[in-house]
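>>> What follows is a predicted protein model with its sequence.
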Amino acid sequence: MGLTASGTKTILLVSVLHGCLFLIAGSGTEDPLDSSTMDISSRRFRAEFLQEWQGSADAPYFDASTPRNITGLVGHPVRLLCRVKNLQNRTVSWVRHRDIHLLTVGRYTYTSDQRFEAQHKPRSEEWALRIRSPQRRDSGQYECQISTTPPIGHAVYLNIVEPETTISSGPELFIQAGSTINLTCTVRHTPEPPSSITWTHGAQVINFDSARGGISLVTEKGLKSTSRLLVQRARGADAGLYTCGPNNAPPSSTRVHVLSGEHPAAMQQGCAKSSLDRITSIACCLLSLYLLRKPSFNLHFGT
């Protein structure tokens, strides 16, 4: 940002000196300045100082097809790009909006954070900001600026994400004995699809060829990978903690409860009733304490 202010001062100083020299040159002659010369000088001043160039055909501008939303992974280099047309003798800078911090000017980096790097090939229209080992805190808006007066910018929003693993059932699953345990594990934001996804029941890796039988697994890999575990004819021994563990993302777990008599919906209603009973009990205790503290309230025991 400081460079832009300096450039503005330079343009102003040159314009003022140009005007002074023009007046000095004119005062050295006896003939007054003719109207055509004054008109040329006025147009030049407006073009250089009053920014009439912004509406002209040779003004610099950004390529609108450049992406404005970039998603990167924690720890993996990411590149923000802007493409400038008709730059001429102006410079391109990258600014971080969060703290209005100047990161690069031209091909030079203006920050002590060595993870940031300016990238530009000579005679190329592309001006890039590269971030080595980005972190979640680097998410936010960045702006590519051209050193016009005033500067014009192209905003780019960066979102840095981490690999994540989720199980669709949530932290707990209640099923009826004899039904099928159906768990779907989803893996997102990995640099590449996981080469393996392991399911464990408690501390034991699930063996699909075990004598238990009725266990199957369906896995689909891609930008978002899924692994679906099916355990048929659930029984009490099948209850417990199930964990989905991709090789390149953190694991995720869910606890399965196998109910032998009570229906899951009935159990949920029981839990709600239990919570209501606790609330009612607390309210009764508070009311009792309030009444005991009142001077007009007396308790009589015995006959």
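Received, thanks.

>>> give me the low-pLDDT residue ranges for the stretch 51-200 of the chain?
51-57 (pLDDT under 70).

>>> Try it again at 50.
51-54 (pLDDT under 50).

>>> residues contacting residue 116?
For residue 116, the contacting residues are 103, 104, 109, 129, 130, 131, 132, by C-beta atoms under 8 Å, 6 or more residues apart in numbering. Bear in mind the C-beta positions are built from the backbone N, C-alpha and C, glycine included.

>>> tell me the phi and psi of the fifth one?
Phi and psi for residue 130, reported as degrees, to the nearest 10, are phi -100, psi 140.

>>> what's the helix or strand for the closest residue to it other than its chain neighbours?
Among residues not flanking residue 130 along the chain, residue 117 sits closest, at 4.5 Å (C-beta to C-beta, 6 or more residues apart in numbering). In this structure, residue 117 sits in strand 116-119 according to DSSP states H and E.

>>> quick one: residue 155 and residue 68 touch, right?
Yes. Under the criterion of C-beta atoms under 8 Å, residue 155 makes contact with residue 68 at 6.5 Å.

>>> what pLDDT, on average, does stretch 206-225 get?
Model confidence over stretch 206-225, given as mean pLDDT, is 89.

>>> contacting residues around it?
Taking C-beta under 8 Å, 6+ apart as the rule, stretch 206-225 contacts 186-188, 190, 193-194, 197, 199-200, 226-233, 246.

>>> Only C-alpha atoms, please: export that stretch in CSV.
Provided in CSV are the C-alpha atoms of stretch 206-225 (Å, rounded to 0.1, in the frame of the first residue of the first chain):
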residue,chain,number,x,y,z
ILE,A,206,-13.5,-56.3,11.5
ASN,A,207,-12.8,-59.5,9.6
PHE,A,208,-15.2,-59.9,6.7
ASP,A,209,-14.4,-63.6,6.3
SER,A,210,-15.0,-64.5,9.9
ALA,A,211,-17.3,-67.3,11.0
ARG,A,212,-19.8,-64.6,12.2
GLY,A,213,-20.8,-64.0,8.6
GLY,A,214,-23.3,-61.5,7.3
ILE,A,215,-20.7,-58.6,7.2
SER,A,216,-20.2,-56.7,4.0
LEU,A,217,-18.4,-53.5,2.9
VAL,A,218,-19.0,-51.2,-0.1
THR,A,219,-16.3,-48.5,-0.7
GLU,A,220,-16.4,-45.7,-3.3
LYS,A,221,-13.3,-43.5,-3.8
GLY,A,222,-13.1,-40.0,-5.3
LEU,A,223,-13.0,-36.4,-4.2
LYS,A,224,-15.4,-37.6,-1.5
SER,A,225,-14.8,-41.2,-0.5
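
>>> Roughly how far does residue 83 sit from residue 76?
23 Å (C-beta to C-beta, to the nearest Å).

>>> of these two, who's got more company?
residue 83 (17 against 12; other C-beta atoms under 10 Å).

>>> what bridges to the more buried one?
Counting by DSSP bridges, residue 83 forms beta bridges with residue 126.

>>> before we move on, what about residue 242?
Here residue 242 sits in beta bridges with residue 201, residue 254, going by DSSP bridges.

>>> wait, isn't it in contact with residue 199?
Yes. Taking C-beta under 8 Å as the definition, residue 242 is a contact partner of residue 199 at 6.6 Å.

>>> More neighbours: those two, which one.
residue 242 (24 against 18).

>>> and the more buried one, what is it in contact with?
Contacts of residue 242 by C-beta under 8 Å, 6+ apart are 167, 181, 183, 199, 200, 201, 229, 253, 254, 255, 256.

>>> switch to 6 Å and redo it
183, 201, 254, 256 (C-beta atoms under 6 Å, 6 or more residues apart in numbering).

>>> Now flag whichever of the contacts of residue 116 is closest to residue 149.
Taking C-beta to C-beta as the measure, residue 149 sits nearest to residue 104 out of these, at 19.8 Å.

>>> Show me the strands in the stretch 151-300 of the chain, by range?
Using DSSP state E, counting those that start in this stretch, the strands of the stretch 151-300 of the chain run over residues 152-161, 164-167, 172-176, 181-188, 197-201, 204-205, 215-220, 225-231, 240-246, 252-259.

>>> Distance to residue 91 added to the ones you listed, as CSV?
Below are the strands of the stretch 151-300 of the chain laid out as CSV (distance: least, C-beta to C-beta, whole Å):
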stretch, distance to residue 91
strand 152-161, 12
strand 164-167, 40
strand 172-176, 58
strand 181-188, 39
strand 197-201, 49
strand 204-205, 59
strand 215-220, 48
strand 225-231, 44
strand 240-246, 45
strand 252-259, 48
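
>>> Sweet, I'm off.
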